[in-house]
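# what follows is a protein structure lacking sequence information:
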C-alpha cells in the first residue's frame, strides 16, 4: 500500500513537471495533467523495467522515471486529441 501512495505522490510531481515541459493544454486542464502524471508514473516504471531491466529507486530516480512516462503520455494524448503543442 505504501508503494502505491508513493507512486501517486511521485506521479503528481511528475505531472506538474511534465506540464511545464510539454506546451499546450492537456485534456481536463491541470487536474487532467496530474492524473496523466500518475498514469505516466506507472507507464514510466513499466517502460524502464521492460526495456532496461530495472527502474530507479528513491525520490529522485522515481521522479525522473515518472517524469519520462508523463511526458511521453502527455505528448501522445495531445497528439491524439488534436491539441496543438503551442509555445507559451
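Happy to help now that I have it. Since the model is a prediction, treat every value here as computed from it, not as a measurement.

# what's near enough to touch the residue nearest to the spatial centre of the chain?
Of all residues in the chain, the one closest to the mean position by C-alpha atoms, centre = their mean is residue 70, 1.7 Å from it. Contact partners of residue 70, counting by C-beta atoms under 8 Å, 6 or more residues apart in numbering, are 11, 14, 15, 17, 18, 36, 37, 39, 40, 41, 43, 44. C-beta coordinates here come from the backbone N, C-alpha and C atoms, glycine included.

# ok, and the closest non-adjacent residue to it?
In this structure, residue 70 finds its nearest non-sequential neighbour in residue 40, 3.1 Å apart by C-beta to C-beta, 6 or more residues apart in numbering.

# now swap in residue 12 and tell me
For residue 12, the closest residue by C-beta to C-beta, 6+ apart turns out to be residue 34, at 5.3 Å.

# what about that neighbour, neighbour count?
22 (other C-beta atoms under 10 Å).

# can you pull the contacts of it?
Residues in contact with residue 34 (C-beta under 8 Å, 6+ apart) are 11, 12, 15, 16.

# what's the closest of those to residue 57?
Within the contacts of residue 34, distances to residue 57 taken as C-beta to C-beta reach their minimum at residue 11, with 15.4 Å.

# what comes into contact with the host helix or strand of the closest one?
In this structure, residue 11 is located in helix 2-21 according to DSSP states H and E. If you take C-beta under 8 Å, 6+ apart as the criterion, helix 2-21 is touched by 26, 30, 33-42, 44-45, 59, 62-63, 66-67, 69-71, 74.
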